[in-house]
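[1] Sequence and predicted structure below; questions after.
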Amino acid sequence: MKRIGIILITILSFLLITFAGVYFFGVFYFRHWFCPNTYINGVNVTNKNFNILDTLINESVVNHNLVIEDSDGTQIFIDGSEIYSYNYDEIGNAIQYIKDSQNPYLWVKCIFEKHEYVYSPKRYLDDKKLMQIVLNSKLGQKDRFDPKRRAEIKYSNERGYELIDDTQNLLDWELLKEIVMSASVEDLGYINLKEAGVYKNIERSEEEKKILSDWSKLEKTLDFNMTYKLATGEEITVDSAVISKMLLLDENGDFVFEDGEAVIDSEKVLAFVQDMSDKYDNLYKDKYFNTTSGGTVTIPYTRYTTYGSLMNVRAEAEELEALIKSHKSPGEREPIYIKKEDRGTYANNYGGTYVEVDITNQHMYYYVNNNLVFDTDVVTGCKANGNMTPDCVCFILNKARNVTLIGPGYESFVYYWMCITGQIGIHDATWRRTFGGEIYLWGGSHGCINTPLNKMSELYDMMEIGTPVIVHHYEPPVVEEDEETLESDEDVIEDSEDTEETEDITDSDESEETTDTDNNESSEE
């Protein structure tokens, strides 16, 4: 028994010493660490010290967000972490206070009892940053309430007459700032701007009421949009900006209204169509052409030019005014033309199908879809006697077979005739044996394009009435030599004077013989 007692005492002593050691170790340990079962704002801080500061802020401190709902239902989200800040020293002192309030000698008791602490860190609102976020949102772009704003009708060349009404649904910025700041401080989390009444209207004056009444009438007339498709390829839009320039104004510059609509000034409509004709009609304008021999030539307008477009200005002005008044836009419209260039212009190579008569090279070409399908030497109007074929852009007016051409001093039968302008045409010339070269300089026609019979029969069947015909000649510019070049050539010129005189005599004789022969051949058209 005695032995058993000694053993029990020994065990109890060991256990007591062990418990005492653990207990006092815990007392020492929990002087520096939170006691077991300790929670701050729901965060378990057992066995932790002051290094929990970041954890406490990141996990337990709620960043209070703010949602602003606009009157149209769209929402603006403001992250609380962007507008709130915390004082770490204050939070550290609060944690120290909680730690100091714990008795480390009672740590064993804490194992069996949960100790919860609630601490609300003080938030600091950055009001400048908050309002900057609001300013950068779509709210910052809205028209702001200002009692001085007024409704008015303004005019600009680009847009015509417009109603500028800055008096309705204006954002009261100062009231918005007050509501947003209050919601952030009170931690409301949500603002409905429509319910908050931040949008206001300015009471209209009698003058503004008249302006709105005028605009309702004016708007009916301006509500029109149409695109002109011109024969020359351009597109001209007739919209409110254009119609604004056609309105009738009284002597005071005010609109004239009839039957609840603005009145159109017929003279202004006529001036618009006339201006369109002046700019884009090209019947009476110089034309350009890319030649087969290379280069672009300018073909001045002459009385022989028949190819081009010319609007019927007065008829089109009347039609346009009627369309505007009917408020029924056709969408697209071609003007009324006296004459319409419908095959193409220089911009698209006259549609790609045309006849080219090159007077300089005495050659004629026929293109179909920009592909050369026919060419031949020709003889054009005689330059020596002033009958040179005129440069012009025209077209095949008509075609005929077995025609007798009659003119001053001649009467000629041709098998194929294609008139291009006035009394000038393309036809066969059976009285000629040769074509091309320089025959036209002294033995040319009376102005027509003489063509070999076999070629003319081929071309006649290919040609359609209305096909563009471009007649041109090209005279290369005279190159002026500098003085040094002229001086260096003087010796050569002097040394060759005798030789040149001999050659002139010989050439003169030959020229006379050729002229006589060709004149006999070309005595007819």
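    Great, that's in hand.
[2] Check the offset of the longest helix seen in the chain from the chain's centre.
    Of all the elements of type helix in the chain, the one with the most residues (DSSP state H) is helix 2-29. Averaged C-alpha coordinates place helix 2-29 at 94 Å from its chain's average position (CA atoms, centre = their mean, to the nearest Å).
[3] Now stretch 315-333: average pLDDT?
    With pLDDT averaged residue by residue, stretch 315-333 scores 92.
[4] For that stretch, buried residues please.
    By neighbour count, with 16 or more other CB atoms under 10 Å as the criterion, the buried positions of stretch 315-333 are E316, A317, E318, E319, L320, E321, L323, I324, S329, R333. C-beta coordinates here come from the backbone N, C-alpha and C atoms, glycine included.
[5] Check those against L248 and report the nearest one.
    E321 (11.4 Å; CB to CB).
[6] Which of the buried residues of stretch 315-333 fall within strands?
    Among those, the ones falling in strands (DSSP state E) are R333.
[7] what helices or strands is the next helix or strand after the longest helix of the chain leaning on?
    Counting by DSSP states H and E, the next helix or strand C-terminal to helix 2-29 is strand 38-40. For strand 38-40, the elements it packs on are strand 115-117, judged by 3 or more CB pairs under 8 Å, 6 or more residues apart in numbering; DSSP states H and E.
[8] who touches the strand it packs on?
    Here strand 115-117 makes contact (CB atoms under 8 Å, 6 or more residues apart in numbering) with C35, N37, T38, Y39, I40, N41, G42, I98, Q102.
[9] Going by distance to R159, which of the residues you listed wins?
    Distances from R159 to the contacts of strand 115-117, taken by CB to CB, are shortest for N41, at 60.6 Å.
[10] Pretty sure that closest one sits against Y119.
    Yes. N41 lies in contact with Y119 (CB atoms under 8 Å); the separation is 6.0 Å.
[11] now L176, nearest residue through space, not along the chain?
    The shortest distance from L176 to any residue that is not its chain neighbour, by CB to CB, 6 or more residues apart in numbering, is 4.8 Å, and that residue is V198.
[12] got the phi/psi numbers for the one you found?
    Phi and psi for V198, reported as degrees, to the nearest 10, are phi -80, psi -10.
[13] Based on its surroundings, how many neighbours for it?
    Using other CB atoms under 10 Å, V198 has 26 other residues around it.
[14] measure it to N290 for me?
    Summarising the geometry, the distance separating V198 from N290, computed by CB to CB, to the nearest Å, is 67 Å.
[15] Also R3?
    Note on R3: its distance to N290, by CB to CB, is 133 Å.
[16] now swap in N44 and tell me
    Distance from N44 to N290, by CB to CB: 89 Å.
[17] And E341, by the same measure?
    Shown here: E341 relative to N290, a distance of 17 Å by CB to CB.
[18] cool, and W417?
    With distances defined as CB to CB, the gap from W417 to N290 amounts to 29 Å.
[19] do V134 as well
    Computed with CB to CB, the distance linking V134 and N290 is 63 Å.
[20] again, but for I68
    With CB to CB as the criterion, I68 and N290 are 65 Å apart.
[21] do the same with S13
    Applying CB to CB, one obtains 122 Å for the distance of S13 from N290.
[22] of those two, who's got more company?
    Here S13 and N290 are compared on neighbour count by other CB under 10 Å; more neighbours surround N290, at 13 against 10.
[23] Name all residues that make contact with the residue nearest to the more buried one when sequence neighbours are not counted.
    Using CB to CB, 6+ apart and skipping the chain neighbours, the partner closest in space to N290 is T296 (5.4 Å). Taking CB under 8 Å, 6+ apart as the contact definition, T296 lies against Y288, F289, N290.
[24] Strands - which of those residues land there?
    Residues from those lying in strands, with DSSP E as the criterion: Y288, F289, N290.
[25] With pLDDT added, can I get those in TSV?
    Putting these into TSV (pLDDT from 0 to 100) gives the following:
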residue	pLDDT
Y288	92
F289	93
N290	92
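[26] what's the closest of the residues you listed to A271?
    Y288 (28.7 Å).
[27] neighbours around E152, how many?
    Other residues near E152 number 15, with proximity taken as other CB under 10 Å.
[28] Tell me, what's the model's pLDDT at it?
    At E152, the predicted lDDT confidence score is 77.
[29] how close does it sit to T167?
    Counting by CB to CB, the gap between E152 and T167 amounts to 10 Å.
[30] ditto for D100
    Computed as CB to CB, the D100 to T167 distance reads 64 Å.
[31] repeat for D358
    Taking CB to CB as the criterion, D358 is separated from T167 by 70 Å.
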